Each structure stands twice: as C-alpha cells, then as structure tokens.
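1. Predicted structure and sequence below. I'll ask about it afterward.
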Number of protein chains: 2
Amino acid sequence: MTTAQPNSSSATASYDVLCATFTRLYRLSHLGSIAGWDQAAMMPPKGNEARGAALAELQVLMHQTLTDTALPARLQAAAAEPLTAQERASLLEMQRDWQRANLLPDRLVEAQSLAGTRCEHAWRTQRPANDWKGFLENFRPVVTLAREEAQLLSQAQGVAPYDALMAKYEPGAQSADIARIFGAVKTWLPGLVQRVRAKQAGEAVLQADGPFPMEQQRALGLEVMGLLGFDFEGGRLDISTHPFCGGVAEDVRITTRYTADDFVRSLLGIIHETGHARYEQNLPRELLHLPVGRARSMGIHESQSLSFEMQLARSAPFVQFIAPLLNKHLGAQDAFAPDNLTRLLTRVQPGLIRVDADELTYPAHIILRFEIERALVDGAIEAADIPTLWDEKMQAYLGVDTRGNYRNGCLQDIHWPGGSFGYFPSYTLGAMYAAQYFARIRSLHPDLDARLAAGDLSHVMDWLNTHIWSQASLWETDALVQRATGEALNPEHFRAHLETRYLAG
Amino acid sequence: MTTAQPNSSSATASYDVLCATFTRLYRLSHLGSIAGWDQAAMMPPKGNEARGAALAELQVLMHQTLTDTALPARLQAAAAEPLTAQERASLLEMQRDWQRANLLPDRLVEAQSLAGTRCEHAWRTQRPANDWKGFLENFRPVVTLAREEAQLLSQAQGVAPYDALMAKYEPGAQSADIARIFGAVKTWLPGLVQRVRAKQAGEAVLQADGPFPMEQQRALGLEVMGLLGFDFEGGRLDISTHPFCGGVAEDVRITTRYTADDFVRSLLGIIHETGHARYEQNLPRELLHLPVGRARSMGIHESQSLSFEMQLARSAPFVQFIAPLLNKHLGAQDAFAPDNLTRLLTRVQPGLIRVDADELTYPAHIILRFEIERALVDGAIEAADIPTLWDEKMQAYLGVDTRGNYRNGCLQDIHWPGGSFGYFPSYTLGAMYAAQYFARIRSLHPDLDARLAAGDLSHVMDWLNTHIWSQASLWETDALVQRATGEALNPEHFRAHLETRYLAG
C-alpha cells in the first residue's frame, strides 16, 4: 500500500500533493479512531496510560504534518490550479484543516489542554459535591484561554469570537442567525410546553414492566438496527458508559448501555447512533480519504441521529411497525400496544438534566446554554455570573427551580469544564434540520406515514442518502440544506412538527 | 504527554536521544498492536481495506524512523558513553532493531512482501485443492528472495544464512546447536512414541460428552485464567479464528475459539495463551518503552505458554485441581474424573497436522520442518524437493504416510507461503526450556506436585517471574537460561519429562 504518486507535471500538481498528504493523515487518523473506540468500549483500566501516550504521540505526528511549513505555499498554489468544482470544495476543507492546526500558537494549545484537563478532572468530584466555588477557581483560566483563542481565530477569519469557536463544529454558522432562530423559539416554546403538559395530564400511560435482560435488549436493538439499514459488514454494536458513534466510515462502531429496568433508553440510544452510523456508512467511498469526504458538520450529523430517533422512532406509524418486535424480544405486555408505546415515547416532563430531556423541552436546555456561553466568550458576562443566569433562564423557559443546585444545574455538562464552547447549538440545529427534512419528504410523499407503519422506510432513507449522506462536505451547510429542502433553515418546520406531534390527535 | 527531553550535556546524551526515539516507536507500535488485535477479533469485513492501508502507513512511518540517517552515528556515539550494564543491554537491542530495518534494501523488502502476499493468497485455495504444482510456481520466487535476504544478513552479521533468518525470532541462536539437539531427539523420539502407544493401547479412556455451550466454555476459561494469575485489569479474553496473544504489555489481549463438541481445545488454548500473557503482563514496567523491555525471544515466549499448557495443565496434579471446575461449569460427568481427564490430555496419536499434534509427537513435526527449511535456505535442496523429503521424514519420525497428500502435508502451514523461514524451531525450543524450568523448580521444591494438586501455583509463578518475566531482554537467551536453571539448554530434561509423564505410572 503506497501513497498515490502525484504526477508533478500535472496541471494540478500542488493539489495532487495535498491529496497525498491528507490521505496520509486520513490513514493515521484511522488508527486513532479505532484506538479511541477501543479505549471506551474494550480497554481494561491498566491500558489507559499507555493508550493515552500512544494517542498523544499520534496527535503530535498529525499536528506536525499539518504544520509542515511547505503546506501554505502548496495550498496557495493549488488554489491557482484548474480545479473542478469538487476539487475546489475539497481544497476548501483542506484549508480549514490547515487553519485549525496553524492559527493557534502551540503555547495557547498547550495551556488550554492543561487548564481543561485540570478543570475537568476536578469537576468529576466537584459536581457530585455541588462545589461551584471550587469549580469556579479552575474554570476561570479555562474561560480566559477560550476568549484568547476566540479573539485570535476571530481576527484571522473575520467572524465574531463565539462564531470562531463554533466553526470547529459548524463551519460557516453565524451566531447572529442562531440567536434570531433561538429567539423565535423562545417566544412559543414555554407556552407550547404548558399546553402539552395540560393535555397529557389527562392521558393514562401504562409503564412497561421490567426487568429486561441485557441480552434481550441487545437482540431487539440489533434487529432494529438491521431494519434501519445499518450495515453489519461495515460496523458493530458494543457497550460503553457514554454511548457514541465512533470508528471510521468504513467500519462504524456504535455503542449503547443497558439498564435492566429501562429498555427505552438503550433502544432509542441505538436508533439515535444508527442515524449517525448510516451517515458515515453512506458517505461517498471515493472521497473518504480527503477532508471533503467527511460529514458536513456536527449539526448535520445530529440531524441524522435525530431524524432516526425523533422524526422516525417516536412517531406513531414507526411505533406501530416496531411494537411487535418488543413483544417478540422482551415478552408481550399491554404497555407495548402501539398507542400506549407512542404516548410513552412522547411524554413531556420539564426537568433539570439536558441529556434526560424529552424532545419538546430539550431545545430550552440548549438555548439557555447557547445564550450563556456566547455572552461568556464575548466577555458580556463573567464565569461567576453563570449560576444566577442559569436559575433565571431555567425558571423562564421551563419553570424549573435550580437555585443552589449546581450539581444538576450549570455543573451538569462536561463541555465547559473541558473548554468546549460553541458545541451546544449543534444539538438543536440538528433537531430543526431533521424536522425540515421530514416536512420535505412528507410533501414529496403524502403516503409517508402509511409506508412507515408498514415498515417501508425507503422514502426516508432514499431521500437522506441522495440529499445528505452522499453529499459529504461538498457544499457549505446552508447550500446543502437549501439544495436538499428548497429553502434555508426554517425553524417553523420544527414548531409545526412539535405542535402536530404533541397537540394533535 | 511529551517525550522525555534528553539533557544534551549529559554524559549519556546520545543514549538519551535514542531512548526518546525508541519510546516514540513504542508508542506508535501500540496503535498497530491494538489495530491488529481488532482486525482479528472485532473488525467487520468492510473495514479490512482501510485497516490495511492504515497499518501500512504506520509501518512506513516506523521504518522511516528506524532508517533515519542520524541513527547510526548516534548508536555508535552511545556505545562510547559510560552506560550501566542495563543500558548496555538496552543499546544492544536498539542496535538489533536498527539492523533489522537497515540491512535490507527497500527493493528486496518490497519484492518479498509482494511475492509472499501473492504466494500466501494463492495458497489459501491451492491448499484445499491439493495443488502442489500450482503452489510451487509462486513459491519459487519466495525461496529465491529469502535466500537473498539470508545471504545479505549472513554477510553483515557473520552468521550462517539460515541463522540470520532465525535471528528475527531467536536472536543469537545457532542452527548447528539446534541440529545437534534435534539430532539427539531423533534418536529416541520414534522409539518412545512406539512404547507409549503400546502402553496406551491397553488403557480405557472415557470421552467427554458434549455439546458444551460456548458461554459455559468461556466461563470455565475465565475462571482458569484467573487461577493462573491473568490480570483482567490489564487484559481481555476474546474470540478469533486463529487464537493468539496480542495487544500490548500494558493491555494483553488473548483470544480463543470455541467448538461445541470439544471443550479441551478452547480450555488448553486459553491456558496456552495465558502463559504468553503472564510473560507480557509481568515484563518490567519501567523498561517497556524500550526494546530491552520486550520478551526475550519467540522460543522463550513459547516456553511460557508451554509451561502453562504442557508442564502444568496436562499434569496429573493440576488436573486434580481443576477437575471440579469442569463439573461446575460444564456439568458433572464421569469423563471429568481426574485420572480419566489426565489420560485424555496425554493421549498420543501420530497424525498429519502439526497444530493438532499431541505433546509427544509435536517435536517430530518441528524437526522435520527445521531440517527442510534449513536445507532450503542454504541451497542444499530446491523447493521441488520438499514433498519427497516430507514423505520420507514423516514416515521415519512418525510412521505416517503422506504421499500425494500435500494439503495435509507440506502445504499445511502458513509460514512458508508467507516467506517465514526460521520460526519453527522456536516451538520445540520452547517445549525444551519449559521442561528444563520445571526440572529446576522441582529440584528446588520437592513438594511441587502436592502443592499443585492443592491449587497452590506459587512455586511455579514465583520462579517464572523471578527468572524469566522480570528479566525481559536484559540477557542473551543462553545467559537467561543459564542464570535461571544453572545450565545451558539441556534437552535431556525434555526427554526425562516425556518418559516420566508418558511411561511411568
């Protein structure tokens, strides 16, 4: 196996050399991805230190490759070469990777890594101890360094500081747009939650009777993965503490965890990760070795998992289709009647914890975090202001009292302690994209629900494959969504979806 | 995680730089080892191509590091530095790694890889088709290239050509010694086999009644691994087509395969790999990142697996100890009575296949292969001569007729098709070392058998840890064995062991 030999007399000689370099990086990242999956799903504890050292060595090596001083001239030369549209999109993604590795001084990256590691490590005991004061001490330098990073990136890229951080996950996204979109959601979401709560208060829902042995849950999950088109010749299902979709596009590793008294968590978790997996498994094979062959963004990735988990799996027709599988694998019980099961999967209950939130209240958790972290990065607020803002917003958006409860309030997520700012919007952007896709699919196929109830998922899968999976990073996010659905991101589809699902019928 | 910064003013500055380089190689090899284990134990088929490309990229990278033109001067300078005895041993192993990577021209390595891959690939269908003629065509270039490699290495290292190939697995071993040792075995082995067969013909042995469900076999295997001291905090047991011990010393991955009607194969396989694993798990942690921290040789590695599988697991006292576990996990049956079980595990039956051979006839398979491959590398015979020699030797050593049966004759092993010559002796050297260790342990502890029967393995484990595991590659093989047992390799211990086990009692 040798790296493709670029023909130096070619009109695209520089681009060809870049392709060889990025192919090399892709191959090396393969090893990191598999070792990372193994670390989470397989590795015994004593392997951890050596694994950490090995992965760090790989990071150094890949960073060295991306900071090779020959690269800038090559990127510039390639830009002047007669590239096809696809090659031009490819070059843009290479430039993004190069920027990400080169715009920040090593000193800052190292300081951020140290501060984030220290803060996150202490957070693991400070959170259960509800110790906001102790946390704040480690968190202040994390914020200072993140602001420094945001400033540097902002100047180099000509975007707002928060947007520069968000660009790691959502290239091209602008926080002004997101603020406008989320602002609109805030005008109707609290009222909708109240109306839905009032409606559901009058509905009887039968809880499923456990325990549900792990092997039965796993067999159910595997069958559902198969029905959703997961390719087991190119992927696996395993167990990890925090479920994720990892591995490489050629060999996608999804994980879940099983709780004996709750089959819903593992089942919906598996369906969610299967959405991520099908995106990866259907990225165009011929582009995988280049940055342009990757998934478009975290928001688009999340739109796939949420298309599967929210749009499909919690819908009445899909539930009707898979209810018999529950009886088959878990033993028949009245709670598995499709109507009851649908009510179980769409139960709304405002709560403290984002990851446990239902579909309807979830966006409130995200909007709150977006508003706080954006103000924090911009310098409009300080770290010490977070708890008060948290309490106010949780009360305003969800009517939940969080005062004094840091543990299940502003200390609940790993993102901020580790120094990740700008990721949270992706979750709700994903939910909105998914609603928009399904509005489009439904308009193309009025028989969608009948098909889904009969187990025919082809309308959905064909559309996602054609418009999202096969498109990789060939288009900017806005263009991808415009081409796919005929319009820019329009949160009204999300609202309509929620109102239909939670108030109608 | 950063690589240790050598102090350039230190008296061992060159040695320190080498340590940093080899630490880096160790960390990168970690990723290759885990990805290799995954490929055999976890990976779905569609991951194979990308995995192959990733591993090849890693190989290229490690080869580049080892062929860095700055290395020879550094190795030379380090040799002149005031090193401790341990550092000197460490430097020697670095030199060996360097030689292995630098003595052969890239052209030859590439040609060998191509020829070996082609030959092995075709062999996978030629073996079942019994197609010696077809095989010979691909195999001739493999032999020619191996001879070329042997000549080059032989000239550079001042050893016989075959010894130069064997040095990859048994550094320092001399085929003249091995020929002498194996020659002695040939004088008594065929007669011993006959006597044992005559004795066993009169013994009734009850076969165990299956099927034995995989989960029961696995639970039995895990419990036995625990009793043998396998550290589950630093390793795992999984499944693969060809059982092996892989992973890294900090995280040892052993595999087995299960057949429903034969629990012995998986149980003894697991015990065998656990022997390899304990060696790795007990190599000195502080030296792991350097070549000197590795296991001494393939023969010494095999001496650990065979200490566990042959010396321990097939012995009457150990069987007495674990027989209750068979009843516990597989259900009680008369065949699990210790006496019967011991007879089952020591049944002798000359056969065609090396990997299925019993302890007593196994060396004959090895001696035959050693004699043929040595003559082949030296040019004393040609590839076309192999079948006739095979038939003659199988008849002479084991009384088995192999004429026309290439499939289960000279085509049965993967070693030669892939271009590996010089590995086979390690198997029987390992068996001999193991017998010598146990003779030593028994002389130190006359109560050994009583202890083993009571489940107290401390005499064995303490001795192996002190004399083998903790010594890594600090000594040449001969010195290691001399220090451990008080004498050089002495095959009389092996003979005495076989005669005692198979003729006495």
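-> That came through fine. Residues are numbered from 1 along each chain as shown, chains lettered A, B, ... in the order given.
2. Going by C-alpha atoms from here, please, whenever you check contacts or count neighbours.
-> Noted.
3. Within the helices and strands, which one has the one residue sitting closest to the centre of chain A?
-> For chain A, the residue nearest the mean C-alpha position is residue A:302 (4.2 Å; CA atoms, centre = their mean). Using DSSP states H and E, residue A:302 sits in helix A:298-306.
4. List the buried residues in stretch A:272-289.
-> A:272-284, A:287-289 (16 or more other CA atoms under 10 Å in any protein chain shown).
5. Now the residue nearest to the centre of chain A: closest residue in space, sequence neighbours ignored.
-> residue A:430 (4.7 Å; CA to CA, 6 or more residues apart in numbering or on different chains).
6. can you state the direction angle for the strand or helix carrying the one you found and helix A:298-306?
-> Assigning secondary structure by DSSP H and E places residue A:430 in helix A:425-444. Computed by axes from the mean of the first three to the mean of the last three CA atoms, to 10 degrees, the angle separating helix A:425-444 from helix A:298-306 equals 60 degrees.
7. Check which helices and strands helix A:425-444 sits against.
-> Applying 3 or more CA pairs under 8 Å, 6 or more residues apart in numbering or on different chains; DSSP states H and E, one finds that helix A:425-444 contacts helix A:298-306, helix A:362-378, helix A:458-467, helix A:477-485, helix A:492-503.
8. and it, C-alpha only, in CSV?
-> Provided in CSV are the C-alpha atoms of helix A:425-444 (Å, rounded to 0.1, in the frame of the first residue of the first chain):
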residue,chain,number,x,y,z
PRO,A,425,-26.2,24.8,19.2
SER,A,426,-25.5,21.8,17.1
TYR,A,427,-28.0,19.7,19.0
THR,A,428,-30.9,21.9,18.4
LEU,A,429,-29.9,22.9,14.9
GLY,A,430,-29.9,19.1,14.2
ALA,A,431,-33.4,18.8,15.5
MET,A,432,-34.5,21.7,13.3
TYR,A,433,-32.9,20.3,10.2
ALA,A,434,-34.4,16.9,10.8
ALA,A,435,-37.9,18.5,11.1
GLN,A,436,-37.3,20.4,7.9
TYR,A,437,-36.2,17.2,6.0
PHE,A,438,-39.3,15.3,7.1
ALA,A,439,-41.5,18.2,6.1
ARG,A,440,-39.9,18.0,2.7
ILE,A,441,-40.1,14.2,2.5
ARG,A,442,-43.8,14.3,3.6
SER,A,443,-44.6,16.9,0.9
LEU,A,444,-43.0,14.7,-1.7
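9. Work out the gap between the very next helix or strand once past it and the centre of the chain.
-> Next helix or strand after helix A:425-444 toward the C-terminus (DSSP H and E): helix A:448-453. Chain-centre distance of helix A:448-453: 27 Å, with CA atoms, centre = their mean, to the nearest Å.
10. Please report the distance of the residue nearest to the centre of chain A from residue A:467.
-> 15 Å (CA to CA, to the nearest Å).
11. rewinding a little: what is the nearest of the buried residues of stretch A:272-289 to residue A:74?
-> The closest of the buried residues of stretch A:272-289 to residue A:74 turns out to be residue A:289 (CA to CA; 18.5 Å).
12. Where does that closest one fall, secondary structure wise?
-> With DSSP H and E as the criterion, the answer for residue A:289 is that it lies in no helix or strand.
13. Wait, it touches residue A:23, no?
-> Yes: between residue A:289 and residue A:23 there is a contact under CA atoms under 8 Å: 5.1 Å.
14. which one is residue A:349 nearest to, not counting chain neighbours?
-> Closest to residue A:349 by CA to CA, 6+ apart is residue A:358, at 7.0 Å.
15. Could you look up the SS state of that neighbour?
-> coil (DSSP: H, G, I helix; E, B strand; the rest coil).
16. Backbone dihedrals for residue A:253, please?
-> In terms of degrees, to the nearest 10, the main-chain angles of residue A:253 are phi -110, psi 110.
17. Point out the residues in the stretch 1-150 of chain A that sit beside chain B.
-> Taking CA under 8 Å from any CA of the partner chain as the criterion, the stretch 1-150 of chain A approaches chain B at residues A:1-2, A:24, A:27-28, A:30-32, A:34-35, A:43-47, A:50-58.
18. Strands - which of those residues land there?
-> Among the residues of the stretch 1-150 of chain A next to chain B, none falls in strands (DSSP state E).
19. Show me how to select, in ChimeraX, the buried members of these.
-> One line in ChimeraX is enough to select the buried ones among the residues of the stretch 1-150 of chain A next to chain B; burial here means 16+ other CA under 10 Å:
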select /A:24,27,28,30,31,32,34,35,43,44,46,47,50,51,52,53,54,55,56,57,58
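20. returning to what we had before: pull the CA coordinates from the helix holding residue A:302 and hand them back as CSV.
-> Listed next in CSV are the C-alpha coordinates belonging to helix A:298-306 (Å, rounded to 0.1, in the frame of the first residue of the first chain):
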residue,chain,number,x,y,z
MET,A,298,-22.0,18.4,13.9
GLY,A,299,-25.4,19.9,13.4
ILE,A,300,-25.9,17.9,10.2
HIS,A,301,-24.6,14.8,11.9
GLU,A,302,-27.1,15.4,14.7
SER,A,303,-29.8,15.9,12.1
GLN,A,304,-29.3,12.3,11.1
SER,A,305,-29.4,10.8,14.6
LEU,A,306,-32.5,12.9,15.3
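21. To what extent is the residue nearest to residue A:302 buried, counted in neighbours?
-> 22 (other CA atoms under 10 Å in any protein chain shown).
22. Residue A:47 and residue B:251 touch, don't they?
-> Yes: assessed by CA under 8 Å, residue A:47 is found in contact with residue B:251 at 4.8 Å.
23. and for these two, which residues touch both?
-> Both residue A:47 and residue B:251 are contacted by B:234-235, under the criterion CA atoms under 8 Å, 6 or more residues apart in numbering or on different chains.
24. from what I can see, residue A:246 looks like it's in a strand, true?
-> Yes: according to three-state DSSP, residue A:246 belongs to a strand.
25. Enumerate every residue touching it.
-> A:33-34, A:37, A:252-254.
26. what's the answer for residue A:373, then?
-> A:421-422.
27. buried set for stretch A:209-224?
-> Quick answer for stretch A:209-224 (16+ other CA under 10 Å): A:212-214, A:216-218, A:220-224.
28. Please see if it touches chain B.
-> No: shown here: stretch A:209-224 not in contact with chain B (CA under 8 Å from any CA), separated by at least 12.7 Å.
29. contacting residues around that stretch?
-> A:237, A:258-263, A:266-267, A:270-271, A:322, A:325-326, A:329-330, A:333, A:335.
30. Give me the packing partners of the lengthiest helix in chain A, helices and strands only.
-> For chain A, the helix that runs over the most residues, judged by DSSP state H, is helix A:13-41. For helix A:13-41, the elements it packs on are helix A:48-66, helix A:71-79, strand A:245-248, helix B:13-41, helix B:48-66, judged by 3+ CA pairs under 8 Å, 6+ apart.
31. and the direction of it versus that of helix B:48-66, what angle?
-> 100 degrees.
32. can you redo the helices and strands packed on helix A:13-41 as CSV with distance to residue B:129?
-> Shown next, in CSV, are the helices and strands packed on helix A:13-41 (distance: least, CA to CA, whole Å):
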stretch, distance to residue B:129
helix A:48-66, 44
helix A:71-79, 53
strand A:245-248, 37
helix B:13-41, 25
helix B:48-66, 26
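33. So for residue A:11, which of those sits nearest?
-> Per CA to CA, nearest to residue A:11 of those: helix A:71-79, 9.4 Å.
34. after the closest one comes which helix or strand?
-> Next along from helix A:71-79, by DSSP H and E: helix A:85-102.
35. So which bits of that next one are buried?
-> Buried residues in helix A:85-102, counted by 16+ other CA under 10 Å: A:87-95, A:98-99, A:101-102.
36. what mean pLDDT would you report for the helix or strand following that helix?
-> Scanning forward in sequence from helix A:85-102 by DSSP H and E, the next helix or strand is helix A:106-126. Helix A:106-126 carries an average pLDDT of 92.
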